[in-house]
Every structure is written in structure tokens, then in C-alpha cells.
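A.B. asks: This is a predicted model, with the sequence first.
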Amino acid sequence: MNPGSSLRDRQAAVIREAILDALAARLDHDDPDDVAMPQVAADAGISLRTLYRYFPTREAMFDAVGDHVVTRLGLPPEIDGPDDIARVFLESARRGAQSPQLVRAMLWTRLGRRARSPHRRRRVAAITAALAGVTSHLPAAEARRRAGAIVYLCSLPAWITVSEECELSADDARSGIAWAIDTLVDALRRENQQQETTR
């Protein structure tokens, strides 16, 4: 790669980051449906024409912002086994609580859900893989059902719903969900061990 193209690549990365930072900052305060591309361009300090070069549509911009938000919030990227699921949930929810409006925008709006979906698909796959060792004793359909319950508990919608419907603080809802996750994982592990001893 020649030095000129390297500089262009670095400049392009800085501009793209500025656009996504500006969009994420908007999402922290505004409804995604109200965010207009000229606002994002102005917030990023670039022209609207430059914004369109990077993101030709709002949808393309929202597609890109999901992973950017995950990085910005510092959400844990890995789950190292079934005993790590509750810890990752607690850390993700704690970090999400620092930007409540942004989290709500990512959860409850069409564009927010679109932006969040690639990260969520990866998280669902990671949780399911982490549970494989403690669901191996079950028929495949039953393993999927039980993993599905834990996957749902490990979601920001579950955390917000428990907090609001049970009138719990965000911390108490987080702690209660983490307890439920650990309890279910322990129950699966005990069942799995019992199955192995009876073989």
C-alpha cells in the first residue's frame, strides 16, 4: 500500500468514526425516527455530500451504528462458558444503564432494532454455544427451548421489562435476572451430571 492511500484510508476511518459518533450521540437524546442525515452531518463536522459518500441512506447508517454502539458502550465481546453468561449480562446491563436513552432507542424503535440485530445475533449464538455443554443431555428441541429462556433473560429488553413491571431499580432487576440465569444454568448442569451417572 502506498503512503497516499494509507493516509486516505486513515482519513476515511476518522470520518466514518465521526459520523457514527455523531449518530450515537443523537440516539442518546433523540428518537431514531427524528434523526435526520443533515443533523448527523453537521454534528460530525462534515458536509451532507460527504455523509452520503459513506452512507447513501439512513438505513445504511443505522446498519453500521449497531457495532459502533456496542464498542462505544464497551459491552463484553466474549462468553467463556455457561458460568460466564450472568457476568456478561451484568456487565452489559451496567454499561447500558450509563446511556439509558440510547439503549431504549436501540431496543424499541425500528431503526434501533435494525442497528442492534447483528450484535444480538452474535450474542445469541455465543450464549447457545456456551450452554452446549450443560444441555447435551437433552433432545435437540428441548435444548433449544431451555437455551431460549436463558437467551431471553440475557437481553436488555428482559432487564428493562423486569425493572418497569416489577417496579425494581435497574440494579435490582439486573441482580434478579443474573440470579435466575445462574439458577437455570446450575439446574441444567445438575441434570446433565445425573444423566451421565445413570448411563
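C.D. replies: Good, I have the coordinates.
A.B. asks: helices and strands of the protein: which one has the lowest mean pLDDT?
C.D. replies: One helix or strand of the chain scores below all others by mean pLDDT, DSSP states H and E: helix 100-108, with a mean of 71.
A.B. asks: elements contacting the next helix or strand after it?
C.D. replies: Next helix or strand after helix 100-108 toward the C-terminus (DSSP states H and E): helix 110-135. Using 3 or more Cβ pairs under 8 Å, 6 or more residues apart in numbering; DSSP states H and E, the elements in contact with helix 110-135 are helix 58-73, helix 85-96, helix 100-108, helix 140-153, helix 170-197. Where you see a C-beta, it was placed from the backbone N, CA and C, and this is true even at glycine.
A.B. asks: how about the second one as CSV, C-alpha atoms only?
C.D. replies: Included here for helix 85-96 are C-alpha records, laid out as CSV according to Å, rounded to 0.1, in the frame of the first residue of the first chain:
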residue,chain,number,x,y,z
ILE,A,85,-23.3,-15.8,31.0
ALA,A,86,-24.6,-14.0,34.1
ARG,A,87,-21.4,-12.0,34.4
VAL,A,88,-21.6,-10.8,30.8
PHE,A,89,-25.2,-9.9,31.2
LEU,A,90,-24.5,-7.9,34.4
GLU,A,91,-21.6,-6.1,32.7
SER,A,92,-23.7,-5.4,29.6
ALA,A,93,-26.6,-4.1,31.6
ARG,A,94,-24.4,-2.0,33.8
ARG,A,95,-22.8,-0.3,30.8
GLY,A,96,-26.2,0.1,29.1
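A.B. asks: before we move on, back to that, just want the angle from the least confident helix or strand of the chain to helix 170-197.
C.D. replies: Between helix 100-108 and helix 170-197, the angle comes out at 50 degrees (axes from the mean of the first three to the mean of the last three Cα atoms, to 10 degrees).
A.B. asks: Could you check helix 100-108 and say which residues are buried?
C.D. replies: 102-107 (16 or more other Cβ atoms under 10 Å).
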